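Novice: The sequence and its predicted three-dimensional model are supplied below.
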Number of protein chains: 2
Amino acid sequence: MPTSPIRRLTPYADQAKLDGKKVYHLNIGQPDIATPEGMINAIKNIDFDVWAYTASEGTLAYREKLTEYYNKLGYNITPEDILVTLGGSEAITIAMQTCVNEGDEIIIPEPFYANYNAFARMSDVLVKPILSYIDNGFALPPIEEFEKLITEKTKAIFICSPNNPTGYLYSREEIEKLKELCLKHNLFLFSDEAYREFCYDGQAFTSPMHMEGLDQHVVIMDTVSKRYSACGARLGCIVTKNKEVIQSALKYAQARLSPGMVEQIAGCAAVDTPDSYFEEVIQEYTVRRDTLVSRLNGIDGVFCPNPGGAFYVVARLPVDDADDFCQWILESFDYNGTTVMIAPGSGFYSSPGYGKDEVRMAYVLNTDDLNSAMDCLTAALKAYPGRTN
Amino acid sequence: MPTSPIRRLTPYADQAKLDGKKVYHLNIGQPDIATPEGMINAIKNIDFDVWAYTASEGTLAYREKLTEYYNKLGYNITPEDILVTLGGSEAITIAMQTCVNEGDEIIIPEPFYANYNAFARMSDVLVKPILSYIDNGFALPPIEEFEKLITEKTKAIFICSPNNPTGYLYSREEIEKLKELCLKHNLFLFSDEAYREFCYDGQAFTSPMHMEGLDQHVVIMDTVSKRYSACGARLGCIVTKNKEVIQSALKYAQARLSPGMVEQIAGCAAVDTPDSYFEEVIQEYTVRRDTLVSRLNGIDGVFCPNPGGAFYVVARLPVDDADDFCQWILESFDYNGTTVMIAPGSGFYSSPGYGKDEVRMAYVLNTDDLNSAMDCLTAALKAYPGRTN
């Protein structure tokens, strides 16, 4: 009988001690969910003599299994549309290097995953942020705002849905608006879909890959990290029907020779993960999200939208400087010997001065721990000297 | 009883068919040697619930085992001097990005591993090649030649010993000359030591890490790929005692989050590989090298130096255009239904026009196959229309 995937496990995601305090880690996106047993068994049953290079684009076997996975989602692709990468990070870097020339620009709704900045810098690409707002749950900014930013240097719009850090899930209508924008200005639409599986309240996931007539524009960056709670596998991919992009991306992939052989074997097994695994995981995350959002909105002066996906929320706190607050609660506060580690919002904004009263929390702990963490946060916000209202 | 590591195995390194011909693959550095059983068993016996991120610099456990390995070689390092990377490729890229500013220069003796150019381009670093010559076996070029190339933009000398593609093993005297040069001009000394274990005829391996007074200059790029015949593991590292370099390199590593978790567990086991494994492998490679070099020099008009390490040779052929010859032998020639795939020398030179009559061969096949491949090459050079003497 398969074990439940809902277990709290690794030391890295676990509560560490800080000066003797028990610390609830809401700051990182390392889920405590167990990796599917099929993946682990694929590793345990592995049989090879030489741990050899695979083809730079990934093994045909793995690309065929991925094709099966994506076509169940309605992407209608072939194995030739996939380039296997060393994690989602490499997928993003290679996509930028392939599609955007040095000094050209990509537009990214902010707040966004802070490492996009690092990947852009490494690729000599300029990020043009476009603000989304907590008051409407970080919905897609109006298309007119995108158009104001578009210049002849703009080469791509970059989205992440469900979003890290906001958890916002773009609707089909929003994706359709982006489609029209990319067609009108001949832009790539980069889509980071690391959190695709994590959609709640029965909402459907819509990918730019579901849009007709956009095949030459869409570049998906993906990873097994969150889908199968396999962050340490470093196994991702680029998916695009644009042949020129995939051929050019292959040249970058050839320079680093090969993705991991063992990971691709485990990745084949991962595609056969039973639906029951995801049902159980999504049920668990839904309960956690509901717990966290309800507790946060129950704290005087706190506002937290109810996100449709991923496992993050961005909340507004009654503080003047969330960077200071996050440091203070960790280092100078405790509630019955516990404290909370959370990520300041400013790190997710590229525009200076934004996110100063916001924080990101990952609900990668069980509900008991989330409740304890919220007890601590409630007390902390009462005691914090920099409280604003 | 452990199985012999000398086996011919994966389809990728194996002889493929080309138009019905049996092809001897001497073109790629994928050894046919078996990965140590300890590494494979570490994978089979793996036990975890969450395939989690590790620390960006690598697990302490793996860095401690690597420290044990390096200190047996006399490097005198600590785990803090190591940054674990996703393969040797990432080690090279991060070292370049960390140590060399945009538009600055590194000097690399050529012929050199062609992907250095790709890593340099990705890092906005300029490669200044310095010629080494087949007639003296590709020994270190005279230091005066280096000095002619050094400008205020020069930030590093980059060596690979034992060398890919030439197999040349730098002597202690040559490393000492490089030490003086780097001290005099305050340059980094990058040392790609992927082939460290493969030194023949009882010759000792000398690393820049063995030089006194050079600690702040030396940056080692390493990988388990060749050492343990584990090319598909994508597990490498940077080793340097320069704290500023390791701290700056960590920032690049943090952007891509984590090296592979499973690989680091296997890497710990790899350090305990018994000496007998390497003794057997080195004995096998020595026989292969002797076979290949002797057969090559026995062909009329061919010259091949006898390299001290790695598993490559660069040979001079009596042809006007080795690119053309390599394509011709593969596509338009066969000897009793067999042919040979070899790499043209020009791809390993950055200076235009060099290496036109040279080829690189990897002796990653057993001696019977090497002999058959040389029978084929002998016949091909007799039949080739572009033969020059």
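Specialist: Arrived safely. Residues are numbered from 1 along each chain as shown, chains lettered A, B, ... in the order given.
Novice: which parts of the helix ranked longest in chain A are buried?
Specialist: In chain A, assigned by DSSP state H, the helix with the most residues is helix A:275-297. Across helix A:275-297, burial judged by 16 or more other Cβ atoms under 10 Å in any protein chain shown covers A:277-278, A:280-281, A:284-285, A:288-289, A:291-293, A:295-296. For every residue, glycine as well, the C-beta is placed using N, CA and C.
Novice: Turn those residues into a markdown table, columns for distance to chain B and pLDDT.
Specialist: Shown next, in a markdown table, are the buried residues of helix A:275-297 (distance: Cβ to the nearest Cβ, whole Å; pLDDT from 0 to 100):
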| residue | distance to chain B | pLDDT |
| --- | --- | --- |
| A:277 | 14 | 97 |
| A:278 | 16 | 96 |
| A:280 | 15 | 96 |
| A:281 | 12 | 96 |
| A:284 | 14 | 96 |
| A:285 | 15 | 96 |
| A:288 | 16 | 97 |
| A:289 | 20 | 98 |
| A:291 | 21 | 98 |
| A:292 | 20 | 98 |
| A:293 | 25 | 98 |
| A:295 | 25 | 98 |
| A:296 | 26 | 98 |
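Novice: Show me the beta-bridge partners of residue A:237.
Specialist: For residue A:237, the beta-bridge partners are residue A:84, residue A:222 (DSSP bridges).
Novice: wait, doesn't it sit right on residue A:90?
Specialist: No: taking Cβ atoms under 8 Å as the definition, residue A:237 is not a contact partner of residue A:90, at 9.5 Å.
Novice: what residues are up against the residue in the stretch 251-389 of chain A that chain B sits nearest to?
Specialist: Nearest residue of the stretch 251-389 of chain A to chain B, counting by Cβ to the nearest Cβ: residue A:261, 3.1 Å away. The contact partners of residue A:261, by Cβ atoms under 8 Å, 6 or more residues apart in numbering or on different chains, come to A:48, A:51-54, A:59, B:232-233.
Novice: Check these and tell me the two furthest apart.
Specialist: Largest separation among those by Cβ to Cβ: A:59 and B:233, giving 14.8 Å.
Novice: Which positions in the stretch 1-150 of chain A make contact with chain B?
Specialist: By Cβ under 8 Å from any Cβ of the partner chain, the residues of the stretch 1-150 of chain A that approach chain B are A:7, A:9-10, A:12-13, A:30-35, A:39-40, A:43-46, A:48-55, A:86-87, A:89-90, A:93, A:97, A:115, A:118-119, A:122, A:124.
Novice: Any of the residues you listed buried? List them.
Specialist: In these, burial by neighbour count holds for A:9-10, A:12-13, A:30-35, A:39-40, A:43, A:46, A:48-55, A:86-87, A:89-90, A:93, A:97, A:115, A:118-119, A:122, A:124, counting by 16+ other Cβ under 10 Å.
Novice: Are we agreed that residue A:264 is in a helix?
Specialist: Yes: per DSSP: H, G, I helix; E, B strand; the rest coil, residue A:264 lies within a helix segment.
Novice: Test my guess that residue A:25 contacts residue A:365.
Specialist: Yes: in this structure, residue A:25 is within contact of residue A:365 by Cβ under 8 Å, at 7.3 Å.
Novice: Report the contact partners of the closest residue to residue A:296 other than its chain neighbours.
Specialist: Sequence neighbours aside, residue A:304 is the residue nearest to residue A:296 in space, at 4.0 Å (criterion: Cβ to Cβ, 6 or more residues apart in numbering or on different chains). Contact partners of residue A:304, counting by Cβ under 8 Å, 6+ apart, are A:292-293, A:296-297, A:313-316.
Novice: What of residue A:320?
Specialist: Residue A:320 is in contact with A:356-357, A:386, A:388, counting by Cβ under 8 Å, 6+ apart.
Novice: Could I get the phi/psi values of it?
Specialist: Main-chain dihedrals, residue A:320, degrees, to the nearest 10: phi -90, psi -20.
Novice: any idea how far residue A:384 is from it?
Specialist: Separation of residue A:320 from residue A:384 (Cβ to Cβ, to the nearest Å): 10 Å.
Novice: do the same with residue A:180
Specialist: Going from residue A:180 to residue A:384 by Cβ to Cβ gives 45 Å.
Novice: of the two, who's got more company?
Specialist: residue A:384 (19 against 12; other Cβ atoms under 10 Å in any protein chain shown).
Novice: and that one, what pLDDT?
Specialist: According to the prediction, residue A:384 has pLDDT 97.
Novice: residues touching it, list them.
Specialist: Residues in contact with residue A:384 (Cβ under 8 Å, 6+ apart) are A:319, A:325, A:328-329, A:333.
Novice: What of residue A:340?
Specialist: Contacts for residue A:340 (Cβ under 8 Å, 6+ apart) come out as A:23-24, A:26, A:329-330, A:373, A:376-377, A:380.
Novice: sorry, back to before: got a ChimeraX select line for the buried ones in the contacts of residue A:320?
Specialist: Buried residues among those (16+ other Cβ under 10 Å), as a ChimeraX selection:
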select /A:356,357
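Novice: Which one of the contacts of residue A:320 is nearest to residue A:309?
Specialist: Here the nearest of these to residue A:309, counting by Cβ to Cβ, is residue A:357; it sits at 23.7 Å.
Novice: from what I can see that closest one touches residue A:322, true?
Specialist: Yes: using Cβ under 8 Å, residue A:357 is in contact with residue A:322, at 5.9 Å.
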